[in-house]
Structure formats: C-alpha cells, structure tokens
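Model the following, please.
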Amino acid sequence: MQINQGCISHIGRRKNQQDAYGFSDFEDASFIAHGGVLAVVCDGMGGLEKGEEASRLAVKIMLDCYMTKPVEESVSAALDKAILMANREVIQLGMQTGNDGNVGTTLAAAVVYKDELFWRTTGDSRIYLHRGDKLTQLSTDHTYAQELAQTQEANEMTLEEMANHPDGNALVNYLGVGENIEFDQNKQQVKLQSDDVLLVCSDGIYKALNDAEIIEALGHSDAMKAALGLQHKTLDKQLINQDNLTAIALRLQDEEGKKLHSFFSLHSKVPYIVSIAIVLMGYLLFVMVQSLGPV
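This is a model prediction of the structure:
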C-alpha cells in the first residue's frame, strides 16, 4: 500500500500545547519492508504535572524504540515493547521532576504494514477507520464512563447518565499511571483496502466534531487537505473551552493502481513522442543533405 499522509496540531484556546505527534521514517525502505510505518499521537494530561513534556517524551520513545525492531520480530511484539518503554520513561520523568505518580499522557499508535493495520491506545486519544461512507471507532476510551458501561452498575444507569457522570471523563489508564499499564489493541487482523483513511487523533477533534463532520473532512482525496479540513471545522465552532487538537490522516492507495495509472499515462504520451522524433529526424536529414552541397 502507498500512504498519503497529512497532519495538523493546534493549541486551540488553551495556554499550552500538550499534544504531540510523530511518524517513523517514510523514506526508510529497508525498515518499512518488515516494520511498516508508525504514526503516534499523545495528549499530555492537563490535570497532572508536566503534560507537555510527557507527551513529547512518549512520542519520541515510542518512535525510537519501534525503529529498533529487528527483522525477525513481529510488528505486534515491537509495538508492545515500545509502549511499555514509553510508559517507563514517563514514570521516570515524574520521579526525576519530583512529581512521582503525577505525570501522564494518552497515546494512540497505528502501524500500517503492507495491507494490515496494527494499533495500540491508552487514555482517550482515538483511532478511526474511514471506509466508503462509514466511520468506525476502532479504539475504546479508557475513561471512567466507559468503565461504568462494562460493569454491573451499568444495569442501573442509562447511557446518558454514564456519559454525564461527574467523573465520566476521568482517565483510568494512560502512560505514567503505573508499571502495570493496560492498553487497547487490535485483537484480530485488520485488513486495509485502497482508499481507506486512518485517523489518529486527540480528544480535541472528536469532542468538537460529530461523525458526519469527520466523514466529510476525511472524504478529501488528499490526506493533508483532509487533516486541515478537520482543523478548520473544529476551529470554526469557536468553542470557548476548545482543547488542543491534533490529527494524523493516512490515506491508503493500492500500489498496483498507481503502477497501472503510470503505465497508461506513459502510453498516452507515445503518439506525441513519436511525432517529435519524426520531426527531429527530418531536420537532421535536411541538415546532412545541405552540408554535402551540390553534386
């Protein structure tokens, strides 16, 4: 699969930018052959200390660790190792700055390897798949409201009551929460198709936009314009408490389709190339005859 990528990050109406994002090397063909490409979004937790540093550190460690993946190691194993390393480093950041247990960040990481998707998330940053006219949230938020929905207590509460719970948005898992971190992941193979769009984003996007608005933005054939569309739609709402917003859009395109397009593009130009060649040959013949002079 060929990948067309786009990304945006905006401070919103906050004083600090606590979102961070990054990619693995799209030009490293030898690594891509066994490790694919990795996209990461982290959202430092504003209610804790050092959120800005935590998110940047987590992105760096996630990418650095994943890029050390040996050929024989599976993508899943490399992702697990990287997220655990990022968690340890965020915990260490808290200890080094005198904020032990009070530093954290969300993480959403997606790897496209050939025609497969592998992903990991912790916290409430999300991964979506846009296919055709349908938007599917692949990840599950690690919030108290989501935890309520999975317990017996949910039988006594409506979905609206759970969503509006005073602690509903509180995160129950994130990088820095402790050594025994839990993270969400693809539990089965996810096959990708040409024209699929993956969205990796922070909550500043999906808390401002509904699914229809996200679908409209991701419908653009250029991933960068799709990402910018998400930013424009979000900021146009002029929400008073607009959070930092970050989005990575990855549009997949079949390689054979691109080769076929190139083949036909070349052959459509053949008549023009032949015509130019004939004119040049005629001119050269004329010059040669003139140079011989009269017989």
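
For the rest of this, base every contact and every neighbour count on C-alpha atoms.
OK.

mind checking which helix or strand of this protein has the lowest mean pLDDT?
helix 255-268 (a mean of 42; mean pLDDT, DSSP states H and E).

What separates the first and last residues of stretch 209-225, distance-wise?
Its first and final residues considered, stretch 209-225 spans 17 Å by CA to CA, to the nearest Å.

for stretch 27-39, same thing?
This stretch, stretch 27-39, spans 14 Å end to end (CA to CA).

Ramachandran angles for the closest residue to G12 other than its chain neighbours?
Spatially, and ignoring its direct neighbours in sequence, G12 is nearest to N244 (4.8 Å; CA to CA, 6 or more residues apart in numbering). Note on N244: backbone dihedrals following degrees, to the nearest 10 are phi -50, psi 140.

For N244, give me its contacts.
Each residue near N244 by CA atoms under 8 Å, 6 or more residues apart in numbering is listed here: S9, H10, I11, G12, R13, R14, Q17, Q18, D19, S202, G204.

wait, what's in contact with the second one?
Each residue near H10 by CA under 8 Å, 6+ apart is listed here: Q17, Q231, N244, L245, T246.

Now for those: which two are most distant?
Across the contacts of H10, the longest distance by CA to CA is 14.9 Å; it joins Q17 and Q231.

sorry, back to before: what is the nearest of the contacts of N244 to Y174?
So of those, ranked by how close each gets to Y174 (CA to CA), first place is S202, at 13.2 Å.

Against A226, how distant is the residue nearest to V71 when sequence neighbours are not counted?
Excluding the flanking residues, the one nearest V71 by CA to CA, 6+ apart is H34, at 5.8 Å. Per CA to CA, H34 is found 28 Å from A226.

same thing with D100?
Distance from D100 to A226, by CA to CA: 39 Å.

Of the two, give the one with the bigger neighbour count.
A226 (29 against 15; other CA atoms under 10 Å).

which SSE is the more buried one in?
Per DSSP states H and E, A226 falls inside helix 223-236.

Rounded mean pLDDT for that helix, please.
The average pLDDT within helix 223-236 is 98.

Let's verify the residue nearest to V71: helix, strand, or coil?
Classification of H34 using DSSP: H, G, I helix; E, B strand; the rest coil returns helix.

Find the nearest non-adjacent residue to I181, please.
Excluding the flanking residues, the one nearest I181 by CA to CA, 6+ apart is N173, at 6.7 Å.

is it true that that neighbour touches T122?
Yes. Counting by CA atoms under 8 Å, N173 does reach T122; the two are 6.0 Å apart.

Name the residues contacting each of the two.
Joint contacts of N173 and T122 (CA under 8 Å, 6+ apart) are H142, E182, F183.

Please name the nearest non-neighbouring residue to the last one.
Closest residue in space to F183, ignoring its immediate chain neighbours: T122 at 4.8 Å, by CA to CA, 6+ apart.

how much space is there between the closest residue to M1 other than its chain neighbours and L138?
Distances taken as CA to CA, 6+ apart put D254 closest to M1, at 5.0 Å, once the chain neighbours are dropped. Distance of D254 to L138, computed by CA to CA: 22 Å.

Who has more neighbours out of the two?
Legend: neighbour count by other CA under 10 Å for D254 and L138, higher for L138 (18 against 15).

For the more buried one, report the pLDDT, please.
97.

contacting residues for it?
R126, I127, Y128, L129, N186.
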